[in-house]
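*Asks:* next come a sequence and a model predicted from it.
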Amino acid sequence: MIIVMKAKTPREDIDKLIKKLEQMDLGVHETVGENYSILGLIGDTSKFNKEQFESYESVEKVMRVQHPFKLASRLFHPEDTVVEVGGTKIGGDKLTIIAGPCSVETPEQMIEIARDVKEAGATLLRGGAYKPRSSPYSFQGLGEEGLKLLKKAKEETGLPIVTEAICLDTIDIVAKYSDVIQIGARNMQNFSLLKKAGRIGKPVLLKRGLSATIEEWLMAAEYIMSEGNENVILCERGIRTFETYTRNTLDLSAVPVIKEISHLPIIVDPSHATGKWKMVSPLSKGAIAVGADGLMIEVHNNPECALCDGPQSLKPSKFKQLMNELA
């Protein structure tokens, strides 16, 4: 349920209404624009008398929110959310490029790739220190040592760090080193992890689950936002379908859908979506064409020897070429 206040309603009238709503055991999320104020109601509104509140002189209209997500809804927050990370803005009229290797491997690899992607135009650096892998025998990441290497790369280049937290045991240490905490596809519905990420307060990049609907994805974002953290960035990375030619099926239609029903910024990861480096370039262009706020691209200086996801990683020269084409 949302209450739209009339333009230029006095602050004291709004505060009185908020107090009355809170006395009804409802949470109130206020969104203030230049000429409007919207009160989003959170909680059990089954006994809420819509007509009673529409009779208030200062109330423009009362609307029911049809979606189960509230804080992530565009009705609650009509204007686009812009998340700022170390001077870089994600959302609005900005195009953000996050680039780097799937996994942090060596100091030399991390510094070299960080320099290359920054020179090409990337504004954030990605790299995994903790890796959730399908096989327990696959490379699981360097852990905190990998986070330290990411920190050195940031000191060298100034690029803010995006890296994944895979469990409650590691999220605090990830938060210590990172600028953006990534919640991966396999953890999209790890509700304890989502709530902890919300309480930490750092921006969160939330990847869509392997078989998650858009509504389930936004409900996962709602878990983070309900803990007080509204700096959530959505990432479409492909969903699992019957098709086996590509690693996943990239759902580009999710971008305009999210833009219609949510205010949160959305980026696209064409690397994980296909698992094939040759498809990264055309799908990157397609993502921007349908309105994505940015891209997350895997780049490796020696993908043939990468410890993780080499076949989907661009070499620095190919990444630079793509950045020139995107411009």
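*Replies:* Structure received.
*Asks:* ranges for the helices of the stretch 51-200 of the chain?
*Replies:* 107-120, 144-157, 171-177, 191-200 (DSSP state H, counting those that start in this stretch).
*Asks:* ok, residues contacting the second one?
*Replies:* The reference is to helix 144-157. Contacts with helix 144-157, where a contact means Cβ atoms under 8 Å, 6 or more residues apart in numbering, come from 103-104, 106-107, 110-111, 113-115, 118, 125, 127-130, 142, 159-161, 163, 173-174, 176-179. (Each C-beta comes from the backbone N, C-alpha and C, glycine too.)
*Asks:* can you give me the buried ones in that helix?
*Replies:* Neighbour-count burial for helix 144-157 flags 146-150, 153-154, 157 (criterion: 16 or more other Cβ atoms under 10 Å).
*Asks:* same check on the last one?
*Replies:* Residues of helix 191-200 classed as buried under the neighbour-count rule (16+ other Cβ under 10 Å) are 193-198, 200.
*Asks:* ditto for the third one
*Replies:* In terms of neighbour count (16+ other Cβ under 10 Å), helix 171-177 has its buried residues at 171, 174-175, 177.
*Asks:* can I get the residues you listed in JSON lines with pLDDT and distance to Ser313?
*Replies:* Formatted as JSON lines, these follow (pLDDT from 0 to 100; distance: Cβ to Cβ, whole Å):
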{"residue": "Ile171", "pLDDT": "96", "distance to Ser313": "26"}
{"residue": "Val174", "pLDDT": "96", "distance to Ser313": "22"}
{"residue": "Ala175", "pLDDT": "96", "distance to Ser313": "26"}
{"residue": "Tyr177", "pLDDT": "96", "distance to Ser313": "22"}
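*Asks:* quick check: the closest residue to Arg74 other than its chain neighbours vs Met296, distance?
*Replies:* Nearest residue to Arg74 in three dimensions, chain neighbours excluded: His263, at 5.0 Å (Cβ to Cβ, 6 or more residues apart in numbering). Separation of His263 from Met296 (Cβ to Cβ, to the nearest Å) stands at 20 Å.
*Asks:* which of the two has more residues huddled nearby?
*Replies:* Neighbours per residue (other Cβ atoms under 10 Å) separate His263 from Met296, with Met296 holding more: 28 against 21.
*Asks:* mind listing what the residue nearest to Arg74 touches?
*Replies:* 72-74, 76-81 are the contacts of His263 under Cβ under 8 Å, 6+ apart.
*Asks:* just Ala165 next, same as before
*Replies:* By Cβ under 8 Å, 6+ apart, the contact list for Ala165 reads 130, 171, 174-175, 181-183, 193, 197.
*Asks:* and of those residues, the nearest to Lys61?
*Replies:* Minimum distance to Lys61 across the contacts of Ala165 is 34.5 Å, recorded for Ala197 (Cβ to Cβ).
*Asks:* wait, isn't the closest one in contact with Phe191?
*Replies:* No: with contact defined as Cβ atoms under 8 Å, Ala197 does not count as touching Phe191 (10.6 Å).
*Asks:* closest one to Asn187 out of the buried residues of helix 171-177, please.
*Replies:* Of all the buried residues of helix 171-177, Asn187 sits closest to Ile171, with 10.1 Å by Cβ to Cβ.
*Asks:* the closest one and Leu125: what is the separation?
*Replies:* Counting by Cβ to Cβ, the gap from Ile171 to Leu125 is 19 Å.
*Asks:* sorry, back to before: between which two of the buried residues of helix 171-177 is the distance greatest?
*Replies:* Taking Cβ to Cβ, no two of these sit farther apart than Ile171 and Tyr177, at 11.5 Å.
*Asks:* can you list the domains in the protein?
*Replies:* Domain ranges of the chain: 2-63, 83-326, per automatic domain parsing.
*Asks:* tell me which of the ones you listed is the most buried.
*Replies:* Using mean count of other Cβ atoms under 10 Å, the stretch among the domains of the chain with the largest mean neighbour count is domain 83-326, at a mean of 20.
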